[in-house]
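Visitor: everything below, folded, please.
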Amino acid sequence: MQSKKLIPNTVTYSSLIDGLCKSGRISHAWELLDEMHDVGQPADVITYSSLLHALCKNHHVEKAIALVKNIKDHGIQLDMITYNILMDGLCKQGRLQDAQVIFQDLLIKGYNVTIRTYNIMINGLCLEGLFDDAMTLLSKMEDNGCIPDAITYQTIIYALFENDENYKAEKLLLEMVARGLM
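Guide: Sure, this is the predicted structure:
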């Protein structure tokens, strides 16, 4: 009697890849991705998001950008989580302009940009010392129907205090209190 070999499905592979990525075993995750393709189990946006997050976290932004291109070439539609991972990685590596291009493209194409997306971009602006731009984005955020949360305000306030922009920080802190976010 022959036993039938069980092949894990995409969800199982994705879970394993995510675990490998989170434990820093990215090369093993890539091997598992190759195995997925070899056995005919297609990777999905969730699978690729795990790899993308690991690449960005480990400062491999160029590889992350190449992966996004590869994902698109395979006809897989990126979701906001995937875009957020990439923009966050770009901002943290000092590639704010690249993140801004993606952000603007998402807005133009009508994606449902989330509060997380705005917070990533505001943090990126603050990391570059562009506090006025961060404040402008804060106001545009509401114009686009996305209500700032405590993280939005705390990001800017912290950056302002760190850079001796105390008056602006205190003014924003009062606004945060008035909104009941503190």
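Visitor: going by C-alpha atoms from here, please, whenever you check contacts or count neighbours.
Guide: Noted.
Visitor: tell me where the chain has helices.
Guide: 10-22, 26-38, 45-57, 61-73, 80-92, 96-108, 115-127, 131-143, 150-162, 166-178 (DSSP state H).
Visitor: JSON lines please, covering these and showing mean neighbour count and distance to residue 4.
Guide: Output for the helices of the chain, formatted as JSON lines (neighbours: other C-alpha atoms under 10 Å; distance: least, C-alpha to C-alpha, whole Å):
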{"stretch": "helix 10-22", "mean neighbour count": "19", "distance to residue 4": "18"}
{"stretch": "helix 26-38", "mean neighbour count": "15", "distance to residue 4": "17"}
{"stretch": "helix 45-57", "mean neighbour count": "22", "distance to residue 4": "26"}
{"stretch": "helix 61-73", "mean neighbour count": "16", "distance to residue 4": "32"}
{"stretch": "helix 80-92", "mean neighbour count": "22", "distance to residue 4": "36"}
{"stretch": "helix 96-108", "mean neighbour count": "15", "distance to residue 4": "46"}
{"stretch": "helix 115-127", "mean neighbour count": "22", "distance to residue 4": "45"}
{"stretch": "helix 131-143", "mean neighbour count": "16", "distance to residue 4": "55"}
{"stretch": "helix 150-162", "mean neighbour count": "18", "distance to residue 4": "52"}
{"stretch": "helix 166-178", "mean neighbour count": "15", "distance to residue 4": "61"}
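Visitor: make TSV from those helices and add mean pLDDT to it.
Guide: Below are these laid out as TSV (pLDDT from 0 to 100):
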stretch	mean pLDDT
helix 10-22	95
helix 26-38	94
helix 45-57	95
helix 61-73	93
helix 80-92	96
helix 96-108	96
helix 115-127	97
helix 131-143	94
helix 150-162	96
helix 166-178	94
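Visitor: what sits up against stretch 73-93?
Guide: For stretch 73-93, contacts defined as C-alpha atoms under 8 Å, 6 or more residues apart in numbering pick out 44-45, 49, 52-53, 56-57, 59, 61, 64-65, 71-72, 96, 98-100, 102-103, 111-114, 116-117, 120-121, 123-124, 127.
Visitor: excluding covalently adjacent residues, which one is nearest to residue 114?
Guide: Leaving out its chain neighbours, the residue that sits closest to residue 114 by C-alpha to C-alpha, 6 or more residues apart in numbering is residue 146, at 7.0 Å.
Visitor: what's the neighbour count on that neighbour?
Guide: Residue 146 has 17 neighbouring residues, counting by other C-alpha atoms under 10 Å.
Visitor: same deal with the one 3 residues further on?
Guide: The burial count assigned to residue 149 is 16, neighbours taken as other C-alpha under 10 Å.
Visitor: wait, isn't it in contact with residue 182?
Guide: No: judged on C-alpha atoms under 8 Å, residue 149 makes no contact with residue 182 at a distance of 9.9 Å.
Visitor: span of stretch 106-125 from start to end?
Guide: Stretch 106-125 has its terminal residues 17 Å apart, counting by C-alpha to C-alpha, to the nearest Å.
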